[in-house]
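K.L.:
structure here, sequence nowhere to be found:
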């Protein structure tokens, strides 16, 4: 049975002082995640809060173990590819 893995990450970017600057950071993260994982990714909340970034990434996996692995890789990738700190994480497998 095919599984859908969804990971939602809340990041804090203390150096961001405008929505324009935040959009640039968010676009960069989303593009990198989409290209690396061929996954769906979008800003999921706090669009009007300068230093808070919430992104959700969804991917398809063959089974739950693979879904967990994909989510682990996505979290590691985001940590390594942005200066923003991950302050929250939610995972769901459907």
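P.N.:
Everything's here; your move. Because the structure is predicted, anything quoted here is derived from the model rather than measured. Numbers count the residues shown, from 1 in each chain.

K.L.:
quick one: contacts of the helix or strand hosting residue 65?
P.N.:
Using DSSP states H and E, residue 65 falls within helix 64-80. Here helix 64-80 makes contact (C-beta atoms under 8 Å, 6 or more residues apart in numbering) with 3-5, 7, 9, 11, 29, 32-33, 36-37, 39, 55, 57, 59, 61, 86, 89, 91, 93. C-beta here means a position set from N, CA and C on the backbone, and glycine is covered the same way.

K.L.:
list only buried entries from these.
P.N.:
3, 5, 7, 9, 11, 29, 32-33, 37, 39, 55, 57, 59, 61, 93 (16 or more other C-beta atoms under 10 Å).

K.L.:
for this protein, what spans make up the strands?
P.N.:
Taking DSSP state E as the test, the strands found in the chain are 3-12, 40-45, 52-61, 85-93.

K.L.:
mind putting these into TSV with mean pLDDT and distance to residue 22?
P.N.:
Conversion of the strands of the chain to TSV gives the following (pLDDT from 0 to 100; distance: least, C-beta to C-beta, whole Å):
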stretch	mean pLDDT	distance to residue 22
strand 3-12	94	10
strand 40-45	92	9
strand 52-61	93	7
strand 85-93	93	15
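
K.L.:
can you lay out those strands as a markdown table showing distance to residue 71?
P.N.:
As requested, the strands of the chain are exported to a markdown table (distance: least, C-beta to C-beta, whole Å):
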| stretch | distance to residue 71 |
| --- | --- |
| strand 3-12 | 4 |
| strand 40-45 | 13 |
| strand 52-61 | 8 |
| strand 85-93 | 5 |
